[in-house]
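Asks: 3D model of this:
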Amino acid sequence: MRNRKTLVSVFNPQEAREAVLGGARIIDSEDPRSALGNIKPFNIMQVSDAVLNYKRNEEVQLSTNIGEDQLLFKRSETGQAIEKSAYEIAGKSAQAALGVAISMGTRVHPCNLVKVGLDGMNVETLGDVLAEVVVSLNRTEQFSHSQVMSVLFVQDLALWDERKQARSTIEVLIGLREFYPCSELDDKKFDLLDFAVNNLRDSDGNILFTDRSQVSLGSLIKKGILPGGSNHSFVKLNELFPHYKYFNQVNSLIRKTTKEVIKAMIDVTADAGADAIMLDTSILTKVSNICLVDTSSAGMVDINQYDLNSEGIPTRGILSLDDINYFVDYCHFRGIEANLAGSIQSFQAQQLWLLVPEIDQMSTRGGASAVAREPNTTIVGSDTRQFRVIKRNMVRGIVPPEQGGVLNIPAKLKTSSKAMNDIKKLKEMLIMEREKQNLPALKSYFIDPYGVQTEF
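Replies: Below is the predicted model:
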């Protein structure tokens, strides 16, 4: 008997309906403009109503998060969060958790999930924040059955250092405001004037500058992109938070998430009384084509290598199959549920459900979203994280086999004979493993950027 679940992050009621129709069992309210974007309570309520009013074959839970940076009261000139007291940090987080629990309500399911982002937080504060959220929710009458999930980011600092210089990475992060003003002498600076056109947007998503002639230091200040008094337009991307700075037991030479780091993350989560842990990737990592699952690791068929971005940069993963097995096993040893996120794609998910069958949950947004297209027109949306929309066919590519999971392969890979050879190997492996585990027969599709499937 299995109770595996797919969590799909949605932004509005229609996306929630698409997720339910695709087979998602956890409908997560999230702003797609960051890795764990805060979302307004009213949006959460609209999502809850959509799920409540929609027919579904399986029980469905709701989830939402309280953001990814509980330390953030404001940022310094270097982009670092400026902390207040540990008491206030924990109190602020618990207040936010109660707020999202109220917004989700209990009409859909009595056990909702509250995700707590804990990036860039030392292990002692992390434990205090998580414990305060747990005890606050448990003390309430209405939300005492809510579950708390820590969310921690895996990383590969060497790969990030290599890829953060790519223009495609910079352009997306400019649009997400993941930068800060820096010195004119900084060797990692870049000029915002060179990247502002078609990348910077207002809070409603409207492009601020459509022509280079519109961009100047003055216009960047006037639009609130740079602070008043700025005398130049040089900026620098925000950085990842190295594990060794925040987990006392982690060696300072470690630049990539290891089993040592994973153990430390699980231990502090379990010790705080939380119910689950999600391993995810930072928005900085996501947009540089770095994902959580390393399909080049032993035991998997490597499709990541063929998934290229606009500059021809291939997808690379961080955690090996062995790392993921350890994560799941140690979670269960400590009595908590294991959730994997981090740009999970169909060709990763369908392998993992079979190769690590004890996984409790997988989470996605990017892997379940497609480019928006207005019917009967040639009008299409932007092919970026914040503007893609959830589609039921994409969701089906992530859900477990026993719940209708299918294999979705990006249609663009059909043009590569080498990719097609490995796709054939992947398909054969999945068919064989499903037969061994008495799971439904595999259905496989090529899927275009709009979420339209073609069986193969």
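Asks: Can I take it that Asp280 is in a strand?
Replies: Yes - using DSSP: H, G, I helix; E, B strand; the rest coil, the secondary structure at Asp280 is a strand.
Asks: Please tell me how far it sits from Leu152.
Replies: 7 Å (CB to CB, to the nearest Å). C-beta: built from backbone N, CA, C; applies to glycine.
Asks: next one: Arg334
Replies: For Arg334 relative to Leu152 (CB to CB), the value is 14 Å.
Asks: the more surrounded of these two?
Replies: Applying other CB atoms under 10 Å to Arg334 and Leu152 shows that Leu152 carries more neighbours, namely 27 against 14.
Asks: Can you pull the phi and psi angles for the nearest residue to the more buried one once chain neighbours are set aside?
Replies: Leaving aside its chain neighbours, Leu152 sits nearest to Met265 (4.7 Å; criterion: CB to CB, 6 or more residues apart in numbering). The phi/psi pair for Met265 (degrees, to the nearest 10) reads phi -70, psi -40.
Asks: what does Asp307 give?
Replies: phi -90, psi 90.
Asks: In PDB, list the C-alpha atoms belonging to stretch 17-35.
Replies: Taking C-alpha atoms only, stretch 17-35 is exported to PDB below (Å, rounded to 0.1, in the frame of the first residue of the first chain):
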ATOM      1  CA  ARG A  17      -8.100  23.100 -11.100                       C
ATOM      2  CA  GLU A  18      -5.500  22.100 -13.600                       C
ATOM      3  CA  ALA A  19      -3.400  20.600 -10.900                       C
ATOM      4  CA  VAL A  20      -6.300  18.600  -9.500                       C
ATOM      5  CA  LEU A  21      -7.200  17.300 -12.900                       C
ATOM      6  CA  GLY A  22      -3.600  16.300 -13.500                       C
ATOM      7  CA  GLY A  23      -3.500  14.200 -10.400                       C
ATOM      8  CA  ALA A  24      -1.800  16.400  -7.800                       C
ATOM      9  CA  ARG A  25      -2.600  15.400  -4.200                       C
ATOM     10  CA  ILE A  26      -1.200  18.500  -2.600                       C
ATOM     11  CA  ILE A  27      -2.200  21.900  -4.000                       C
ATOM     12  CA  ASP A  28       0.300  24.500  -2.900                       C
ATOM     13  CA  SER A  29      -0.300  28.200  -3.100                       C
ATOM     14  CA  GLU A  30       2.900  30.000  -4.100                       C
ATOM     15  CA  ASP A  31       4.100  33.100  -6.000                       C
ATOM     16  CA  PRO A  32       6.200  31.800  -8.900                       C
ATOM     17  CA  ARG A  33       8.500  34.800  -8.900                       C
ATOM     18  CA  SER A  34      10.800  33.100  -6.400                       C
ATOM     19  CA  ALA A  35      11.700  29.700  -5.100                       C
END
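Asks: what's the offset of it from the middle of its chain?
Replies: 11 Å (CA atoms, centre = their mean, to the nearest Å).
Asks: Same check on stretch 121-129?
Replies: 21 Å.
Asks: And for that stretch, what's in contact with it?
Replies: 70-71, 86, 89-90, 93, 116, 118, 150, 245-248, 264, 268, 271-272 (CB atoms under 8 Å, 6 or more residues apart in numbering).
Asks: What of stretch 255-266?
Replies: So stretch 255-266 is contacted by 123, 150, 152, 154-158, 242-243, 247, 249-251, 254, 277, 279, 318-319, 323, 326-327, 330-331, 334, 336 (CB under 8 Å, 6+ apart).
Asks: okay, it in CSV with CA atoms only?
Replies: C-alpha atoms of stretch 255-266 as CSV (Å, rounded to 0.1, in the frame of the first residue of the first chain):
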residue,chain,number,x,y,z
ARG,A,255,31.0,23.6,-1.6
LYS,A,256,28.3,21.1,-2.5
THR,A,257,25.4,19.4,-0.6
THR,A,258,26.6,16.1,0.8
LYS,A,259,25.2,13.4,3.0
GLU,A,260,26.8,15.2,5.9
VAL,A,261,24.8,18.3,5.1
ILE,A,262,21.6,16.3,4.5
LYS,A,263,21.9,14.6,7.9
ALA,A,264,22.3,18.0,9.6
MET,A,265,19.2,19.4,7.8
ILE,A,266,17.1,16.3,8.7
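Asks: Same question for it: list its buried residues.
Replies: 255-258, 261-266 (16 or more other CB atoms under 10 Å).
Asks: so can I have TSV of the residues you listed showing secondary structure and distance to Trp353?
Replies: Below are the buried residues of stretch 255-266 laid out as TSV (DSSP: H, G, I helix; E, B strand; the rest coil; distance: CB to CB, whole Å):
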residue	secondary structure	distance to Trp353
Arg255	coil	30
Lys256	strand	25
Thr257	coil	22
Thr258	coil	24
Val261	helix	24
Ile262	helix	20
Lys263	helix	24
Ala264	helix	27
Met265	helix	23
Ile266	helix	21
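Asks: export these to a markdown table and tack on pLDDT and distance to Thr378?
Replies: A markdown table is the format used below for the buried residues of stretch 255-266 (pLDDT from 0 to 100; distance: CB to CB, whole Å):
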| residue | pLDDT | distance to Thr378 |
| --- | --- | --- |
| Arg255 | 90 | 46 |
| Lys256 | 94 | 44 |
| Thr257 | 96 | 43 |
| Thr258 | 95 | 48 |
| Val261 | 94 | 47 |
| Ile262 | 96 | 47 |
| Lys263 | 96 | 52 |
| Ala264 | 94 | 51 |
| Met265 | 96 | 47 |
| Ile266 | 98 | 49 |
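Asks: ok, of those residues, which one's closest to Ser103?
Replies: Among the buried residues of stretch 255-266, Met265 lies closest to Ser103 (CB to CB), at 27.2 Å.
Asks: so how far is Val20 from the closest one?
Replies: Met265 is 31 Å from Val20, by CB to CB.
Asks: coming back round to it: of the contacts of stretch 255-266, which belong to helices?
Replies: Among the contacts of stretch 255-266, DSSP state H puts 123, 157-158, 323, 326-327, 330-331 in helices.
Asks: gap between the two ends of stretch 406-422?
Replies: Across stretch 406-422, the terminal residues are separated by 17 Å (CA to CA, to the nearest Å).
Asks: what does that stretch rub up against?
Replies: Against stretch 406-422 from outside (CB under 8 Å, 6+ apart): 301-303, 306-307, 346-347, 350, 393-394, 396-397, 423, 426-427, 430, 442-449, 453-454, 456.
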